[in-house]
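1. predicted model and sequence below, questions to follow.
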Amino acid sequence: MARSPLTQRKAEGMDLDPRRLLVLSAIAQSGGLAPAARVLGHTRSAVSQQLASLEREVGLPLVDRSGPRLELTAAGRLLAATGDRISKELVLAVQQLDSANQQVIQGPVAIGATSWVLARIAVRTLRLLARSHPQVEPRFVEAGLSDGLRQLRLGELDVLVITDDRDTASPLPTSVQAQVLSEDVYRVAVPADWDMPTTPAQLSGRPWISAPAHSARGRAFARFASAHGIVPSVEHLADHMITVQALLAGQVGAALLPAYLAAQLEQVTVTTLPVTGSQITRTLYRTGHGGTAAARVVADTLKQAARDHAEAATVTGQAKGDIVVRPLHDPTEVPPASARAPAPPPSRLPQPRPAPPTGSRSITAAPKRNGEASGRG
């Protein structure tokens, strides 16, 4: 009797990633890529990537994309059912562990963040926590980089979301760990009526919109200006992004910005001038004396809320560009050898890191535990 293509592939020793079967099961249950992404706490592009990888592993199409709605093929339904069984076993295992541990995660958690972050992911975070950990009592506090770090050291905050510069990242206070929510390469943006600069030196003697020296953008601009001998004719300092946007729209000067944000702006030209370093959004949470399991839960939930926000902004067309899902490591972590960049070639100038596509933002691909980022810089 003839065997099906899927049976034949199994006989040949096919290896299947069970995590991708879980993704396929979520697609089957929710009816599409975007709904599945929301259920899993991933982005739509990440779910699409996982589906494509599974189809390559199997060697068969698992969904029919020809109709108005995504439908599973016979092979897709078979594997989705397997994923559903795996999901149920995992849920049962978590329940058994919770029963054995008999520890209820609860208590107040003070979360510091900038107004930019609060406007974008605070409500999502509160709703996610209300569903997953109803006995956690989150409280948001608007805080910038310097005052937020001070409050975290003093124990006035349990969790803090900050914008930082990867190459000059702020050191962590004692008994504090960090996760990276997102990462953007830097781009130079100039007013639309300026001639397109072909070298950074051409922007010396021109007005610039910079940021306070302690901020991520301030440190990045100081590095860029020093490397290329740039001396602004005047240096405007703007901490909040709404101010930067207004000054750029008014053709006041050039600015060094995260690429994803620069792609959203009107009346500016985003150059391709080489810029070293990247801007990262970090979640810091207390782990030592006074730290709680609830603080770690909130940190993980902030990560999920950031992914959900980025996905929603992209799908609805509110944001230009796409989301690149990849593992993101905090500057305090030692990444796996496979993730480390090769040594840069000899040069008297710092070499820029390889960049994702222009206007894209990298979102952490780390799996959530309980299942755009800062505007100051």
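-> Noted; the coordinates are in hand. Keep in mind it's a predicted model, so treat the numbers as computed, not measured.
2. Thr73 touches Val58, doesn't it?
-> No: contact status for Thr73 versus Val58: not in contact, 10.2 Å apart, counting by CB atoms under 8 Å. All C-beta atoms are positioned from the backbone trio N, CA, C, and that covers glycine.
3. show me which of these two is the more surrounded one.
-> Neighbour tally, Thr73 and Val58, criterion other CB atoms under 10 Å: the higher count belongs to Val58, 21 against 15.
4. where's the more buried one relative to Thr114, distance?
-> 45 Å (CB to CB, to the nearest Å).
5. next one: Arg44
-> Using CB to CB, one obtains 26 Å as the distance from Arg44 to Thr114.
6. where's Arg187 relative to Asp195, distance?
-> Taking CB to CB, one finds Arg187 at 17 Å from Asp195.
7. of those two, who's got more company?
-> Neighbour totals were compared for Arg187 and Asp195, and Arg187 leads with 22 against 8 (other CB under 10 Å).
8. buried set for the lengthiest helix in the chain?
-> When the chain is parsed with DSSP state H, its longest helix is helix 74-101. Neighbour-count burial for helix 74-101, with 16 or more other CB atoms under 10 Å as criterion, is recorded at 75-76, 78-80, 82-84, 87.
9. does Ala46 lie in a helix or a strand, and which?
-> Counting by DSSP states H and E, the element that carries Ala46 is helix 44-58.
10. oh, that last question was meant for His214, not what I typed.
-> Following DSSP H and E, one finds His214 outside all helices and strands.
11. still on that earlier bit, so after the longest helix of the chain, what's the next helix or strand?
-> Tracing the chain C-terminally past helix 74-101 and defining elements by DSSP H and E, one meets strand 107-113 next.
12. who does that following strand pair up with?
-> When sheet partners are counted by DSSP bridges, strand 107-113 sits next to strand 136-142 (parallel), strand 159-165 (parallel).
13. and whatever helix or strand comes next after it, average pLDDT?
-> Proceeding C-terminally, strand 107-113 gives way to helix 115-132 as the next helix or strand, assigned by DSSP H and E. Model confidence over helix 115-132 averages 93 on the pLDDT scale.
14. quick one, helices of this structure?
-> Counting by DSSP H, the helices of the chain are 5-11, 18-30, 33-40, 44-58, 74-101, 115-132, 145-154, 216-228, 241-249, 259-262, 293-315.
15. quick one: average pLDDT of the shortest one?
-> What it means is helix 259-262. Helix 259-262 shows a mean pLDDT of 86.
16. which one is Val136 nearest to, not counting chain neighbours?
-> Leaving aside its sequence neighbours, Val136 sits nearest to Ala294 (CB to CB, 6 or more residues apart in numbering; 4.9 Å).
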